[in-house]
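Trainee: structure, please.
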Amino acid sequence: MKLSHYRGPRRSLIRVDFTISLMSFDVSVDRRSQGVCVVTLGGRLDTAASAQCEAALAATFLDPPRILVFDLARLTFIGSLGLRILFRARKIVEGRGGVVAVTNPQPAIVKVFQVVAALPAERVFASVNEADAYLAQFQEWRPGDGGS
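Mentor: Okay, the predicted model is just below:
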């Protein structure tokens, strides 16, 4: 943050310049030949980004590929609605005899996948916020943890 002060003849002006860096989300869908589709996800797939992701995948779900690959090399966070999108994609593609694969997940994302697989079937969260808070604890960096 930069703070500057200007004193003119009639008034005093204080100007504050700052930049807010928000973790963004990006998605790209690459339909390749022979029924293969690669979806690349980057940034934070949280509640705010889920609508953007669903919109990008809408056409893919209308005509599901034989093989759907999610490249997660640049995905740094996934919340409950992000998981829902992946589960829905799997249900649609595999329901038509296709295959869904995940490549290049970051260690924190792998941990979330492991946690979700380990949850008892009867585990129910009271809200999306509660589920996101539960999943976030496995993805937040803490000093000394090496980022995993």
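
Trainee: going forward, measure contacts and count neighbours with C-alpha atoms only.
Mentor: Noted.

Trainee: give the buried residues for whichever strand or helix holds Cys53.
Mentor: If you go by DSSP states H and E, Cys53 is part of helix 47-62. For helix 47-62, burial by neighbour count (16 or more other CA atoms under 10 Å) applies to 47, 49-50, 53-54, 56-57, 60.

Trainee: just checking, what packs against it?
Mentor: The contact analysis (3 or more CA pairs under 8 Å, 6 or more residues apart in numbering; DSSP states H and E) places helix 47-62 against strand 25-32, helix 80-95.

Trainee: returning to what we had before: and the buried residues of helix 47-62, which two are furthest apart?
Mentor: Thr47 and Thr60 (20.7 Å; CA to CA).

Trainee: circling back to that earlier point, what does the helix holding Cys53 contact?
Mentor: 25, 27-29, 45, 79-82, 85, 89, 92-93 (CA atoms under 8 Å, 6 or more residues apart in numbering).

Trainee: buried among those? Need that as a selection in ChimeraX.
Mentor: Only the buried members of those end up in this ChimeraX selection, burial being decided by 16+ other CA under 10 Å:
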select :25,27,29,45,79,80,81,82,85,89,92,93
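
Trainee: any idea which of the contacts of helix 47-62 is closest to Lys111?
Mentor: Gly79 (12.4 Å).

Trainee: test for you: state the pLDDT assigned to the closest one.
Mentor: For Gly79, the pLDDT comes out at 94.

Trainee: what's the answer for Arg32, then?
Mentor: On the pLDDT scale, Arg32 is placed at 86.

Trainee: look up phi and psi at Ala73.
Mentor: The phi/psi pair for Ala73 (degrees, to the nearest 10) reads phi -60, psi -30.

Trainee: mind checking what secondary structure Gly97 has?
Mentor: Here Gly97 is recorded as coil under DSSP: H, G, I helix; E, B strand; the rest coil.

Trainee: now it: how far from Val38?
Mentor: Computed as CA to CA, to the nearest Å, the Gly97 to Val38 distance reads 17 Å.

Trainee: just Val27 next, same as before
Mentor: Taken as CA to CA, the span from Val27 to Val38 is 10 Å.
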